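# fold the following for me, if possible:
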Amino acid sequence: MIDRHLDPLDRCLYAARYFHGHLMSAEYQVRAWALFHNFLPYCPRAKIRQQYLSPFHKLTGFVYHDNWLQNLLVASSLGGRYATYAIR
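Predicted coordinates:
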């Protein structure tokens, strides 16, 4: 199950030449990927889509907006309270 999440991260890191650059830029890259991964909607054909729109919705139990990008913007504008909670 963990490979389902790590394979896309590995592809993202490979495309960016892994951690080429400073340590902080690498940390920002992984954090940005985790945010997108948590807010991107589930596939419409997936069974879980009947109950939840995204991993963030499954974790918190609510959504701010029907659009996943609006959810990301609103959640991250709360001082990172819910966005950092969703990464863990």
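
# in the protein, where is pLDDT below threshold?
In the predicted model of the chain, residues 78-88 satisfy pLDDT under 70.

# residues in contact with the lengthiest helix in it?
Scanning the chain for the longest helix, with DSSP state H as the assignment, gives helix 23-39. By Cβ atoms under 8 Å, 6 or more residues apart in numbering, the list of residues contacting helix 23-39 from outside reads 5, 8-9, 12-13, 16, 19, 54-56, 59, 68-69, 71-72, 75-76, 83, 86-87. From N, CA and C alone the C-beta is placed, and that goes for glycine too.

# ok, stretch 55-64 next?
Residues from elsewhere that reach stretch 55-64, judged by Cβ under 8 Å, 6+ apart: 37-39, 42, 48, 51-54, 70-71, 74-75, 82, 85-86.

# can you give me the buried ones in the strand or helix carrying Arg11?
Using DSSP states H and E, Arg11 falls within helix 2-15. Within helix 2-15, the residues that qualify as buried are 12-13, counting by 16 or more other Cβ atoms under 10 Å.

# distance check, the closest residue to Gln70 other than its chain neighbours against His5.
Of all residues not flanking Gln70 in the chain, Tyr64 sits nearest, at 6.5 Å (Cβ to Cβ, 6 or more residues apart in numbering). Going from Tyr64 to His5 by Cβ to Cβ, to the nearest Å gives 23 Å.

# now Lys47
Distance from Lys47 to His5, by Cβ to Cβ: 18 Å.

# how about the closest residue to Arg49 other than its chain neighbours, what does it touch?
In this structure, Arg49 finds its nearest non-sequential neighbour in Tyr42, 4.5 Å apart by Cβ to Cβ, 6+ apart. Each residue near Tyr42 by Cβ under 8 Å, 6+ apart is listed here: 48-49, 52-55.

# quick one: the residues you listed as CSV, columns for distance to Tyr28 too.
Below are these laid out as CSV (distance: Cβ to Cβ, whole Å):
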residue, distance to Tyr28
Ile48, 29
Arg49, 30
Tyr52, 27
Leu53, 26
Ser54, 22
Pro55, 20
